[in-house]
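**Q** following is a predicted model, sequence given first.
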Amino acid sequence: MTARLAYALLRIARQIGQQAVIDGRKVEIIGSCITQSVIGSMARCTRSNVNRRLKKWEQCGIIKIRNRSIYVIDRDWLSGLISS
């Protein structure tokens, strides 16, 4: 499930995400129009599982959730999950 979720986030970020620089780091922003339920559907898991994993990744500094938007901070780490 973790690899599928990482793939779904990166795919969404690539297709509709906006790029920005925050604290000197290049990040991609997934707007609030994409819900956790939609992400769960793409990753074939439940919204609650998506929520738990996103919170864990936020604690680790891989993503940041602000104003219902997801900021992908460490794209390389998420890409590593997909290939492992």
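**A** Noted; the coordinates are in hand.

**Q** ok, the helix or strand of the chain with the lowest mean pLDDT: who's next to it in the sheet?
**A** Using mean pLDDT, DSSP states H and E, strand 18-22 stands out as the lowest-scoring helix or strand of the chain, at a mean of 87. Under the criterion DSSP bridges, strand 18-22 sits next to strand 25-30 (antiparallel) in its sheet.

**Q** measure the residue located most distally from the centre of the chain to Ala3 for me?
**A** Centroid-distance maximum for the chain: Gly24 at 19.3 Å, with C-alpha atoms, centre = their mean. Using C-beta to C-beta, to the nearest Å, one gets 29 Å for the distance from Gly24 to Ala3. In short, each C-beta sits where N, CA and C put it, glycine included.

**Q** how deep is Asp23 tucked in, by neighbour count?
**A** For Asp23, the number of neighbouring residues by other C-beta atoms under 10 Å comes to 6.

**Q** and the pLDDT at the residue farthest from the centre of the chain?
**A** Listed pLDDT for Gly24 reads 85.

**Q** for the one 5 residues further on, same thing?
**A** The model reports Ile29 with a pLDDT of 93.

**Q** sketch out the strands for this protein, chain order is fine.
**A** Assigned by DSSP state E, the strands in the chain fall at 18-22, 25-30, 63-66, 69-72.

**Q** same list, those, but as TSV with mean neighbour count please.
**A** Below are these laid out as TSV (neighbours: other C-beta atoms under 10 Å):
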stretch	mean neighbour count
strand 18-22	10
strand 25-30	17
strand 63-66	17
strand 69-72	21
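
**Q** noted, bye for now.
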